[in-house]
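>>> fold the stuff below for me.
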Amino acid sequence: MNLSTATTALSVRDPWALVPSLGNLDAYISAVNRLPMLTQEEETRFARRLRDEADVESAGRLVLSHLRLVVSVSRQYLGYGLPHGDLIQEGNVGLMKAVKRFDPEPGVRLVSYALHWIKAEIHEYILKNWRMVKVATTKAQRKLFFNLRSMKQGLKSDASDANAHRNNLSAAEIDSVARTLNVKPAEVIEMETRLSGGDVALEPQTDDGEESYAPIAYLADDSSEPTRVLEARRRDALSSDGLVRALAVLDDRSRRIVEERWLKVNDDSSGGMTLHDLAAEYGVSAERIRQIEVAAMKKMRKALEISA
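Predicted coordinates:
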């Protein structure tokens, strides 16, 4: 192996060596946005190498190509007043967890699968690090707190180019917000000042049952994450009589492979058999087992469509 090849291999095995430190945030974002995206074929090939051979280089390629996704997702949480670099760092942890668990065989792209893990890590970081300050004591003030930021964005959009860059509300805008939310102009000014500090109460601060006004209610629930919803619907469909009819169209070997790879796997990923386990049992390669599994799933899908 020549020096240039060795250097390239080392860089890919250590993906962070190819991008600047998060200490220089602008340079980091610029660098990750220039990194090439993988095609679906490349993504599948690297994912299989990681799964079947524990190939670290393939893991690095998958991580590198999705760093820009973490940057994009992290921007959605800047309103919580936490450092952007820290949000990106936590999101990168979620991305690496997603890469480690990613299975390309169902045909899902890594970007869809990783989104949940990235958000989950960022949410966990917010829950642990957002300092608590009691910013709203009455129902009207809590309503003001959770509406003021979005209303400010709307007012900025409607403002002229000369005023759009202003961070603070004008006197006319303060009066407009106060009338809309039925609070005093002085309360709008006070709340805007508090919000500019970045520290707000994550948990509800009163016992009057107004949890819906607490920021924690706006963090995504895992159960509502799109891929989880789709998985739940698919499980429900396969748990019905349609599953029996779909399995009936398969030969014994295909049925066994589907059962071990899908139906006997528990929520914690225990149970079932891997491609290599089944390959050893049937005396064929893991790739051949995968091909049989894919063909069987297509047959079952057709059977389910007919019975639907």
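>>> give me the buried positions along the one helix or strand residue 121 maps to.
Residue 121 is part of helix 110-129 when elements are defined by DSSP states H and E. Buried residues in helix 110-129, counted by 16 or more other CB atoms under 10 Å: 110, 113-123, 125-126. Yep, even glycine has a C-beta here, placed from its N, CA and C like the rest.
>>> in a markdown table: the residues you listed, plus pLDDT and distance to residue 49.
What follows is the buried residues of helix 110-129, written out as a markdown table (pLDDT from 0 to 100; distance: CB to CB, whole Å):
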| residue | pLDDT | distance to residue 49 |
| --- | --- | --- |
| 110 | 87 | 14 |
| 113 | 86 | 17 |
| 114 | 89 | 18 |
| 115 | 90 | 23 |
| 116 | 89 | 23 |
| 117 | 91 | 20 |
| 118 | 92 | 22 |
| 119 | 89 | 27 |
| 120 | 87 | 26 |
| 121 | 90 | 25 |
| 122 | 87 | 28 |
| 123 | 83 | 31 |
| 125 | 84 | 31 |
| 126 | 75 | 34 |
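>>> who are the packing partners of the helix holding residue 121?
With contacts taken as 3 or more CB pairs under 8 Å, 6 or more residues apart in numbering; DSSP states H and E, helix 110-129 sits against helix 67-74, helix 84-101, helix 226-238.
>>> so it versus helix 84-101, what angle?
Counting by axes from the mean of the first three to the mean of the last three CA atoms, to 10 degrees, helix 110-129 lies at 130 degrees to helix 84-101.
>>> where does the stretch 51-200 of the chain have low pLDDT?
For the stretch 51-200 of the chain, applying pLDDT under 70 flags the ranges 80, 127, 130-139, 141-142, 145-146, 156-167, 194-200.
>>> mark out where each domain of the protein begins and ends.
The record's domain parsing of the chain by automatic domain parsing lists 3-130, 139-218, 240-307.
>>> deepest of those, which one?
The highest mean neighbour count among the domains of the chain, using mean count of other CB atoms under 10 Å, belongs to domain 3-130: a mean of 17.
>>> is residue 144 within a helix or a strand, and which one?
Element membership for residue 144 (DSSP H and E) is helix 139-158.
>>> let me see the mean pLDDT of stretch 300-308.
The average of the pLDDT scores along stretch 300-308 is 74.
>>> whichever helix or strand residue 244 is part of - contacts with which helices or strands?
Using DSSP H and E, residue 244 maps to helix 241-248. For helix 241-248, the packing partners by 3+ CB pairs under 8 Å, 6+ apart come out as helix 286-307.
>>> now the angle from the helix it packs on to helix 241-248?
Here helix 286-307 runs at an angle of 130 degrees relative to helix 241-248 (the same axes, to 10 degrees).
>>> so for stretch 264-272, mean pLDDT?
72.
>>> next, the distance between the ends of that stretch.
Start and end residues of stretch 264-272 are separated by 5 Å (CA to CA, to the nearest Å).
>>> repeat that for stretch 72-88.
Separation of the first and last residues of stretch 72-88 by CA to CA is 9 Å.
>>> wait, residue 143 touches residue 180, no?
No: counting by CB atoms under 8 Å, residue 143 does not reach residue 180; the two are 10.3 Å apart.
>>> run through the stretch 201-308 of the chain and note the low-pLDDT ranges.
Low-confidence segments of the stretch 201-308 of the chain (pLDDT under 70): 201-242, 267-269, 307-308.
>>> and if we set it to 80?
The stretch 201-308 of the chain contains residues with pLDDT under 80 at 201-245, 263, 265-271, 304-308.
>>> hmm, back to that, after the helix holding residue 144, which helix or strand is next? Please name it.
Next along the chain after helix 139-158, taking DSSP H and E as the criterion, comes helix 171-181.
>>> which helices and strands does that next one pack with?
The contact analysis (3+ CB pairs under 8 Å, 6+ apart) places helix 171-181 against helix 139-158, helix 185-195.
>>> could you give the angle of it to helix 185-195?
Here helix 171-181 points in a direction 100 degrees away from that of helix 185-195 (the same axes, to 10 degrees).
>>> could you list the residues in contact with helix 171-181?
The contact list for helix 171-181 (CB atoms under 8 Å, 6 or more residues apart in numbering) reads 140, 143-144, 147-148, 151, 155, 169, 184-185, 187-189, 192.
>>> now for these: which two are most distant?
Based on CB to CB, the longest span within the contacts of helix 171-181 runs between 140 and 155 and measures 19.6 Å.
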